[in-house]
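> A predicted structure for the sequence below; I have some questions about it.
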Amino acid sequence: MSSTRRAFLQQSLIAPVATGGLALQPSPQGQSRGAGAPRKPRRLRPGDVVGIVDPASATWDPVDVDIVVESLAALGLKARLGAHLMDRHGYLAGRDEDRAADVMAMFTDPGVAAVHALRGGWGCARLLPHLDFEAIAKNPKILLGYSDITALLLPVYAKGRFVTFHGMNGDSEWNRFNVDWFRRVLMQGEAVTMTNPLSAGDQLVPVENRIRTITPGQARGHLVGGNLTVLTTIVGSGLLPDFTDAILFVEDVQEAPYRIDRMFMQLSLSGVLGKLKGVIFGRCTKCEPGDGGYGSLTISDILDDYLKPLKVPAWEGAQIGHIDRQFIMPLGVQAEIDADRGSIRLLEPAVT
């Protein structure tokens, strides 16, 4: 199964690759919104074809591909593999142009109902200069993935003006929890309410999947977010959606607390935090202070520093992130959150 993004980045430092041809054309600063509410892609139905692409890091195990194909088949869906799915260019899943071509081929093929990323890692941002967002906008369909796939989810939502989905990658766990959200959100089109499952088991009180309320209260707004590192990387590119009146959700993995601090400062200085109606912090997996907490801020300390002054509902611990069981979060869909309960209620279906 997939390795974490931070572990990948550490390994990649010893294997640099050429980066010629990556310069983006100058774009206006600020975020793109467009007119009106985003469109919704069609729901998945039995017999539909799901395009599998690898826009980021290379996979080294063909069994990962077998598992996603078989899992989709078990749901009554068919898989179509990208032409360059098993390519490799250093740590990337092929050349930028080829990975982008796979993404474009799936969006423009009328026989493909959804585009599902095989895995994350790093590389999606390198595709952005090679994507035809006008063509993508003409072919709204489900785009699903998380981690580095955030660099596709946000620009496609912003420029394509249709809902995209932060959730399991193809090489994620196809367990009962993940499959249940896949069915309910993407196939049945339910306006679901998402709350962490709590069970005490043999403990006196529940221990796992607890939340911590940062600022109590309820709020409504459109969901926007993804991986915190990736999101902050493309701030100022002109490829992000408008955060005005949004409910921001973020997650990360293997980041030292000072890095999380730096990323929230970027969101603050760029004006993002001041526009929000609410904040959901998912999981920051393996983000503990390296010295046992002495001489370091904790993630909770940092969240309090940045989020409490906003005076909007906020909590941490939602089932979003580099974890085995995660929600599917539709970007652009209106939702109501309750920071006391840690609940996310979609006010509308995310698909038609």
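Sure thing, it's come through.

> OK, contacts around the residue of the chain most remote from its centre?
In the chain, the residue that sits farthest from the middle, by CA atoms, centre = their mean, is Leu204; the gap is 34.3 Å. For Leu204, no contacting residues are found, by CB atoms under 8 Å, 6 or more residues apart in numbering. C-betas here are computed from N, CA, C, even on glycine.

> which SS state does it fall under?
coil (DSSP: H, G, I helix; E, B strand; the rest coil).

> any idea how far Ile149 is from it?
39 Å (CB to CB, to the nearest Å).

> ranges for the helices of this protein?
Secondary structure of the chain (DSSP state H): helices located at 5-12, 62-74, 96-108, 133-137, 150-160, 176-181, 228-233, 257-269, 299-307.

> okay, those, which one's buried deepest?
helix 150-160 (a mean of 26; mean count of other CB atoms under 10 Å).

> that one - what's its average pLDDT?
For helix 150-160, mean pLDDT is 99.

> what comes into contact with that helix?
31-34, 38, 55, 103, 117, 124-125, 127-128, 131, 133, 136-137, 140, 143, 145, 162-166, 224, 226-227, 230-231, 233-234, 239-242, 331-332.

> between the two ends of stretch 43-62, how far is it?
28 Å (CA to CA, to the nearest Å).

> quick check: mean pLDDT of it?
Regarding stretch 43-62, the rounded mean pLDDT is 97.

> before we move on, back to that, of the helices of the chain, which is nearest Thr352?
Thr352 sits nearest to helix 150-160 of all the helices of the chain, at 15.3 Å, using CB to CB.

> that closest one to helix 96-108, inter-axis angle?
Here the directions of helix 150-160 and helix 96-108 differ by 50 degrees (axes from the mean of the first three to the mean of the last three CA atoms, to 10 degrees).

> any idea how far apart the tips of stretch 122-130 sit?
Span of stretch 122-130 from end to end, CA to CA: 16 Å.

> in it, what's buried?
122-128, 130 (16 or more other CB atoms under 10 Å).

> tell me the bridge partners for the closest residue to Leu72 other than its chain neighbours.
The shortest distance from Leu72 to any non-neighbouring residue, by CB to CB, 6 or more residues apart in numbering, is to Ala79 (4.9 Å). Taking DSSP bridges as the rule, Ala79 bridges to Val50.

> hmm, Val69 and Ala79 touching each other?
Yes. With contact defined as CB atoms under 8 Å, Ala79 counts as touching Val69 (4.4 Å).

> shared neighbours of those two, anything?
Joint contacts of Ala79 and Val69 (CB under 8 Å, 6+ apart) are Ile52.

> and Met265, what does it touch?
Tyr306.

> no, scratch that, I was asking about Ile260
So Ile260 contacts 228, 252, 284, 287, 299, 302 (CB under 8 Å, 6+ apart).

> check Asn139 too.
107-108, 110.

> nearest to Lys311 among those residues?
Among these, Phe107 lies closest to Lys311 (CB to CB), at 40.2 Å.

> isn't the closest one right up against Ile136?
Yes. Using CB under 8 Å, Phe107 is in contact with Ile136, at 5.0 Å.

> where do the strands sit along the chain?
Here the chain has its strands, by DSSP state E, at 49-53, 78-81, 114-117, 142-145, 164-166, 193-194, 212-215, 218-227, 246-253, 278-285, 314-316, 329-331, 334-338, 343-346.

> Asp98: which of these is closest?
For Asp98, the closest of the strands of the chain is strand 49-53, at 10.6 Å, according to CB to CB.

> any residues touching that closest one, and which ones?
Contacting residues not belonging to strand 49-53 are listed as 44, 65, 68-69, 72, 77-82, 85, 99, 102-103, 105-106, 109, 111-118, 170 [CB under 8 Å, 6+ apart].
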